[in-house]
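> Sequence first, then the predicted structure, then my questions.
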Amino acid sequence: MILLTGATRGIGKFLFEKFISLGEDVIGTYHNTFPENDIDRFIKIDLADYDSLKNMINKIQYKLKNVVLINCAGNNYNSFAHKSNIEKWEEVININLIGTFRLINLLLPIMREQNYGRIINFASIVAQKGVPGTSAYAASKSGLWGLTKAIAVENANKGITINNLNLGYFNIGMITEVPENFLKQVINSIPKAELGNPDNIFNVVKFLIESDYITGTSIDINGGLF
Ligand SMILES: NC(=O)c1ccc[n+]([C@@H]2O[C@H](COP(=O)([O-])OP(=O)(O)OC[C@H]3O[C@@H](n4cnc5c(N)ncnc54)[C@H](OP(=O)(O)O)[C@@H]3O)[C@@H](O)[C@H]2O)c1
């Protein structure tokens, strides 16, 4: 089964619908964006709240066979470091990095017992490039790289793989909410000269689910932008 976070909006919603169309057994999570339909397939969580995650795992315990955990949910806070509000900065780390770890921490024992698991985390080109105003977001996403390597080594002989997707800029989700001028600049900087189509993300997710010898690494999906 697939457990997909952030499944009612943006990239997560796109992936959720793709997997459903293939007849996969998917549970999606949401936080503030209520599902438009298929309500039975969704659970409300807050990645900042370990107990809400534990409750979800307990609720779906009977479904947890051959688990694929897709950690798509994430948040963002744009501010130059010297002007940043420390609470908002910490919240990004708390959701993107620690929230991702909270779920991994809860599911790893089940994966280890079953000798199978796939964990796919969503990182970002922003962590590779150095983009002004993104210190919290970049720190949260680059933190996933180290976490992934350690967890990969700990679990490689247990049928479990863990990898990251380093996404460039896509035509769906959070990047579409930025001011038009900035978006134009972004597109001009991409060698492929366009925002990415999320089918590319879906294809790589599927590839990672099907692969048992790729672990502890990251795949760049960015239209040639480095
Ligand atoms: N779009 C891009 O071009 C791009 C580029 C690089 C990386 N990424 C990464 O790709 C992933 C998806 O991005 P997106 O653009 O689709 O983002 P998005 O449209 O902003 O959606 C963010 C998702 O995260 C969920 N979320 C936020 N806070 C949460 C919390 N405390 N607990 C549980 N869920 C929470 C939201 O749930 P609710 O709406 O229900 O609150 C929403 O589903 C993110 O990790 C993002 O960093 C995206």
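Received, thanks. Numbering: from 1, shown residues only.

> how about the residue positioned nearest the centre of the chain, what does it touch?
When Cα atoms, centre = their mean is applied to the chain, the residue found nearest the centroid is Cys72 (2.4 Å). Residues in contact with Cys72, defined by Cβ atoms under 8 Å, 6 or more residues apart in numbering, are Leu4, Thr5, Gly6, Ala7, Ile11, Gly12, Leu15, Phe122. All C-beta atoms are positioned from the backbone trio N, CA, C, and that covers glycine.

> So which of those sit within helices?
If you go by DSSP state H, the contacts of Cys72 have Ile11, Gly12, Leu15 in helices.

> how near is the second one to Gly223?
Look at Gly12 and Gly223: by Cβ to Cβ, to the nearest Å, they are 21 Å apart.

> Just list the residues touching Asp212, thanks.
Asp212 makes contact with Gly159, Thr161, according to Cβ under 8 Å, 6+ apart.

> mind checking how far it is from Thr161?
The gap separating Asp212 from Thr161 is 7 Å, by Cβ to Cβ.

> for Asn121, same thing?
For Asn121, the distance to Thr161 equals 11 Å [Cβ to Cβ].

> Equivalent analysis for Ile95, please.
Distance of Ile95 to Thr161, computed by Cβ to Cβ: 23 Å.

> and these two? which has more neighbours close in?
Counting neighbours by other Cβ atoms under 10 Å for Ile95 and for Thr161 shows that Thr161 has the greater number, 25 against 21.

> Doesn't Glu17 belong to a strand?
No. Under DSSP: H, G, I helix; E, B strand; the rest coil, Glu17 sits outside any strand and is assigned helix.

> This protein: helices as residue ranges?
Listed in chain order, the helices of the chain (DSSP H) span 10-21, 50-59, 86-92, 100-114, 126-129, 135-155, 180-189, 199-210.

> okay if I get the ones you listed as JSON lines plus mean neighbour count and distance to the ligand?
Listed next are the helices of the chain as JSON lines, based on neighbours: other Cβ atoms under 10 Å; distance: least, Cβ to the nearest ligand atom, whole Å:
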{"stretch": "helix 10-21", "mean neighbour count": "20", "distance to the ligand": "2"}
{"stretch": "helix 50-59", "mean neighbour count": "14", "distance to the ligand": "8"}
{"stretch": "helix 86-92", "mean neighbour count": "15", "distance to the ligand": "8"}
{"stretch": "helix 100-114", "mean neighbour count": "18", "distance to the ligand": "9"}
{"stretch": "helix 126-129", "mean neighbour count": "18", "distance to the ligand": "7"}
{"stretch": "helix 135-155", "mean neighbour count": "19", "distance to the ligand": "7"}
{"stretch": "helix 180-189", "mean neighbour count": "11", "distance to the ligand": "9"}
{"stretch": "helix 199-210", "mean neighbour count": "16", "distance to the ligand": "8"}
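
> before we move on, back to that, phi, psi of the residue nearest to the centre of the chain?
With angles defined as degrees, to the nearest 10, Cys72 sits at phi -90, psi -30.
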